[in-house]
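# For reference, the sequence and a predicted model appear below.
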2 protein chains.
Amino acid sequence: MRILIVEDDREVAGNIGKMLRESGHVVDMAHDGEDGLAMARDGAFDVLIVDRMMPRRDGLSMVSILREEGDKTPVLVLSALGEVDDRVAGLTAGGDDYLVKPYAPSELKARVDALARRRDPEALKTRLSVGDLEMDLLARTVVRGEEAIQLQPREFRLLEFLMRHAGQVVTRTMLLEKVWDYHFDPQTNVIDVHISRLRSKIDKPFETSMLHTVRGAGYRLSD
Amino acid sequence: MRILIVEDDREVAGNIGKMLRESGHVVDMAHDGEDGLAMARDGAFDVLIVDRMMPRRDGLSMVSILREEGDKTPVLVLSALGEVDDRVAGLTAGGDDYLVKPYAPSELKARVDALARRRDPEALKTRLSVGDLEMDLLARTVVRGEEAIQLQPREFRLLEFLMRHAGQVVTRTMLLEKVWDYHFDPQTNVIDVHISRLRSKIDKPFETSMLHTVRGAGYRLSD
DNA sequence: AGTGAGTCATGCGTATTCTGATCGTGGAAG
DNA sequence: CTTCCACGATCAGAATACGCATGACTCACT
């Protein structure tokens, strides 16, 4: 689940981001309305979290513009303004939900999940399986056949992404963005290294390999 | 799912009721605080939706009374008053959630679902056990194997939360919110310290450890 | 004032990740 | 069929981030 936080207060943005990352989402941030608008336009996010009052462009006008452009990404509007009129304004500008500060982190999380579910019911499942490989997102455990497999955090994210796209070729660029949060090419072989380590855990000890290299394109997980 | 709506405005009550019935719930109604109280007492409802301002008895005092009588049915408070203090009042009276009018029907539905989900049979149990570790919530005692273990209040809450989520990874954010009631990141290592103390009591003196660190994610209690 | 619980700050040790170099291998061209 | 090249795999060491323990401090309650 890719989430964009548009919030000028960096501390608040950081807190929200941290929490959402803990629940397994990939989080990007913008710190004013113009940047947010630009990122939302080409970002392909699943949910936007947008503050109302921000420098350069306020949150509501940003949302209005996106909607005029036909963008239907669910938006959660954050605001200190909780009056009826304010809430109505937030919703008519095209927001899907409106949360008044201060709010409980769990409330925010619940709303984001609700919005995300509306868009893609699959995305919130807590168990993934491909062939005899199973992953439990809540317990953070991985099992292949009868064997429990111990994974590092990054390996876990990597495998999760591969499993969510099982059977498809996953490019390096996709991995860099969704697993590493890099939006540029780090010119190193980080990916190769982690793929290698993942293989040594999920493929090496077993009869058949599931993680295949597709030369010139990327990798594919399948049984 | 049985739901009781306590709301004096019959039109509003009707609308809410209609919507909830459409989502497959069984809905009862009361139109003032006294009737609502009576029905809630013997009704065995799964969720109560209660308006604040009503004839004969206001919603908050109705909830307070139910709570004093030991009734733990989840309550969603509806109100036109949306100031922070009003929300706080609603929650301290024993409400589980607070929704300010006007609200989107879908928002109401989402909240009701959330409350219903929260009400799990686990919450009413007075004994928890994981492996050879047992906790008695009423007596406030903890035993591992044959050994009685003395815990501080905060340690007790921490362990309780971990036991209720045994086998799952519990994030720091979850702990801050549910055990400390912090709704922000205090930027300190309070959690680490208490986990450390808890370990010295429930793990150190024994052969096997139950409280595992999941780097980058949180902690998991399991045997 | 004294006690005890809870919180905060620091420094340490180590797990995890990244880097850069080297080695291996598939596929196209000759 | 062989050779060469580019891409990917692997390895080991370095850098980093993370979690842990300890002791000092604050606050509330006696």
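Looks like it came in fine. Numbers count the residues shown, from 1 in each chain, chains lettered A, B, ... in the order given.
# show me where chain A has strands.
All strands of chain A, identified by DSSP state E, fall at A:2-6, A:26-30, A:47-51, A:75-79, A:97-100, A:127-130, A:133-136, A:141-144, A:147-149, A:169-171, A:211-214, A:218-221.
# Mind putting these into JSON lines with mean pLDDT?
Shown next, in JSON lines, are those (pLDDT from 0 to 100):
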{"stretch": "strand A:2-6", "mean pLDDT": "91"}
{"stretch": "strand A:26-30", "mean pLDDT": "86"}
{"stretch": "strand A:47-51", "mean pLDDT": "93"}
{"stretch": "strand A:75-79", "mean pLDDT": "88"}
{"stretch": "strand A:97-100", "mean pLDDT": "76"}
{"stretch": "strand A:127-130", "mean pLDDT": "85"}
{"stretch": "strand A:133-136", "mean pLDDT": "90"}
{"stretch": "strand A:141-144", "mean pLDDT": "92"}
{"stretch": "strand A:147-149", "mean pLDDT": "92"}
{"stretch": "strand A:169-171", "mean pLDDT": "91"}
{"stretch": "strand A:211-214", "mean pLDDT": "92"}
{"stretch": "strand A:218-221", "mean pLDDT": "93"}
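# can you list those in CSV and add distance to residue B:193 and mean neighbour count?
No exception for glycine: its C-beta is placed from N, CA and C like everyone else's. Formatted as CSV, the strands of chain A follow (distance: least, Cβ to Cβ, whole Å; neighbours: other Cβ atoms under 10 Å in any protein chain shown):
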stretch, distance to residue B:193, mean neighbour count
strand A:2-6, 30, 23
strand A:26-30, 28, 20
strand A:47-51, 31, 27
strand A:75-79, 32, 24
strand A:97-100, 32, 21
strand A:127-130, 34, 15
strand A:133-136, 29, 19
strand A:141-144, 27, 19
strand A:147-149, 30, 13
strand A:169-171, 41, 16
strand A:211-214, 40, 14
strand A:218-221, 41, 20
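# Minimum distance to chain B: which of those has it?
With Cβ to the nearest Cβ as the criterion, chain B lies closest to strand A:97-100 of the strands of chain A, at 7.2 Å.
# on contacts alone, who are the packing partners of that closest one?
Applying 3 or more Cβ pairs under 8 Å, 6 or more residues apart in numbering or on different chains; DSSP states H and E, we find strand A:97-100 packed against strand A:75-79, helix A:84-92, helix A:105-119.
# Name every strand pairing with that strand and say which way it goes.
Strand pairing for strand A:97-100, using DSSP bridges, gives strand A:75-79 (parallel).
# Can you pull out the residues in contact with the partner strand?
For strand A:75-79, contacts defined as Cβ atoms under 8 Å, 6 or more residues apart in numbering or on different chains pick out A:7, A:47-53, A:59-60, A:63, A:66, A:86, A:90, A:93-101, A:103, A:108, A:111-112, A:115.
# rewinding a little: let me have the strands of chain A in JSON lines, extended by distance to residue A:192.
Formatted as JSON lines, those follow (distance: least, Cβ to Cβ, whole Å):
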{"stretch": "strand A:2-6", "distance to residue A:192": "24"}
{"stretch": "strand A:26-30", "distance to residue A:192": "21"}
{"stretch": "strand A:47-51", "distance to residue A:192": "31"}
{"stretch": "strand A:75-79", "distance to residue A:192": "37"}
{"stretch": "strand A:97-100", "distance to residue A:192": "41"}
{"stretch": "strand A:127-130", "distance to residue A:192": "21"}
{"stretch": "strand A:133-136", "distance to residue A:192": "21"}
{"stretch": "strand A:141-144", "distance to residue A:192": "21"}
{"stretch": "strand A:147-149", "distance to residue A:192": "20"}
{"stretch": "strand A:169-171", "distance to residue A:192": "13"}
{"stretch": "strand A:211-214", "distance to residue A:192": "10"}
{"stretch": "strand A:218-221", "distance to residue A:192": "10"}
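# of those, which approaches residue B:72 most closely?
strand A:97-100 (26.5 Å; Cβ to Cβ).
# Distance from the closest one to the middle of the chain?
20 Å (Cα atoms, centre = their mean, to the nearest Å).
# And for stretch A:75-82?
21 Å.
# Then stretch A:96-113?
Worked out by Cα atoms, centre = their mean, stretch A:96-113 lies 17 Å from the chain centre.
# Likewise for stretch A:207-223?
In terms of Cα atoms, centre = their mean, the centre of stretch A:207-223 is found 23 Å from the chain centre.
# Run a quick neighbour tally on the spatially closest residue to residue A:25 that is not a sequence neighbour.
Once flanking residues are discounted, residue A:25 sits nearest to residue A:1: 4.5 Å by Cβ to Cβ, 6 or more residues apart in numbering or on different chains. Residue A:1 sits with 21 neighbouring residues when counted by other Cβ atoms under 10 Å in any protein chain shown.
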